[in-house]
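Asks: sequence first, then the predicted structure:
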Amino acid sequence: EVQLLESGGGLVQPGGALRVSCAASGFTFRTYAMGWVRQAPGKGLEWVAGISGSGNKTYYADSVKGRFTISRDISKNTVDLQVSSLRAEDTAVYYCVKYGGNLKFYFDFWGQGTLVTVSS
Amino acid sequence: SALTQTASVSGSPGQSITISCTGTSSDVATYNLLSWYQHHPGKAPKLIIYEVYKRPSGISNRFSGSKSGDTASLTISGLQAEDEADYYCCSYAGSSTLLFGGGTKLTVL
């Protein structure tokens, strides 16, 4: 059974930084691209970042480029999102997602999400 | 910017409804990489359609997808109370980036 378990959310001040993590299990981790999707309060879903199975390629939404960094540790089956220079509009539930496969641009499994709140 | 979805739609049990998702020549119109997600608030979103019309294992055949030009559609037939949720489309937008729609709230009357 595929499981994605996020952790690391919390309250952070504007301009601050935080690392959210996702522990994956139930599938061959290195075979699948992974990513993060967020949902701000009262808003829709927004794709944030993606990383290839091997971890050598990363992709970002324009709204977070230069401020967020996605990485993965194949030995630990984890994928992280380092968020920095945080703004109020980054407040959201951050979902860890598993891509459907190589060059499969859909998300077949989602975690329960972790809340990041940016506020002074 | 986000793909365009109608903000809300409603239907009675047993009826059919269609949710549309409009993009541009940079996304929906060019790629058959359009997916749909069902999201009950407080829960994890769930994939219900991928690559325009394909259903994942375990998804009811009451859910169907299609696309014409820059507009994709999700049709839910035989509406049931548990279908009440938010629905999001998502399209590949080139360079390994993805774009979601603004979401459609489905109310089952």
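Replies: Arrived safely, thanks for sending.
Asks: for chain B, which strand is longest?
Replies: Determined from DSSP state E, the single longest strand within chain B is strand B:85-92.
Asks: give me the contacts around the next helix or strand after that strand.
Replies: With elements assigned by DSSP states H and E, the helix or strand that comes after strand B:85-92 is strand B:98-100. Identification of contacts with strand B:98-100 by C-beta atoms under 8 Å, 6 or more residues apart in numbering or on different chains yields A:37, A:44-47, A:50, A:105, B:2-3, B:23, B:27, B:88-93. C-betas here are computed from N, CA, C, even on glycine.
Asks: mind redoing it with 6 Å?
Replies: Contacts with strand B:98-100, where a contact means C-beta atoms under 6 Å, 6 or more residues apart in numbering or on different chains, come from A:45, A:47, B:3, B:27, B:88, B:90, B:91, B:92, B:93.
Asks: who in chain A is up against chain B?
Replies: Counting by C-beta under 6 Å from any C-beta of the partner chain, the positions of chain A adjacent to chain B are A:44, A:45, A:47, A:59, A:105, A:106, A:108, A:110, A:112.
Asks: do that again at 10 Å, thanks
Replies: A:4, A:33, A:35, A:37, A:39, A:43-52, A:57-62, A:93, A:95-100, A:103-113 (C-beta under 10 Å from any C-beta of the partner chain).
Asks: now residue 44, nearest residue through space, not along the chain?
Replies: Picking chain A for this. Leaving aside its chain neighbours, residue A:44 sits nearest to residue B:103 (4.0 Å; criterion: C-beta to C-beta, 6 or more residues apart in numbering or on different chains).
Asks: actually it's chain B I care about, not the one you picked
Replies: Counting by C-beta to C-beta, 6+ apart, the residue nearest residue B:44 is residue A:110, at 4.1 Å.
Asks: does the one you found have beta-bridge partners, and which?
Replies: residue A:97 (DSSP bridges).
Asks: which residues sit in contact with it?
Replies: By C-beta atoms under 10 Å, 6 or more residues apart in numbering or on different chains, the contact list for residue A:110 reads A:2, A:4, A:6, A:37, A:45, A:95-98, B:37, B:39, B:43-47.
Asks: ok, back up a step: ok, the contacts of strand B:98-100 vs residue B:82, which is closest?
Replies: Nearest to residue B:82 out of the contacts of strand B:98-100 is residue B:88 (C-beta to C-beta; 17.4 Å).
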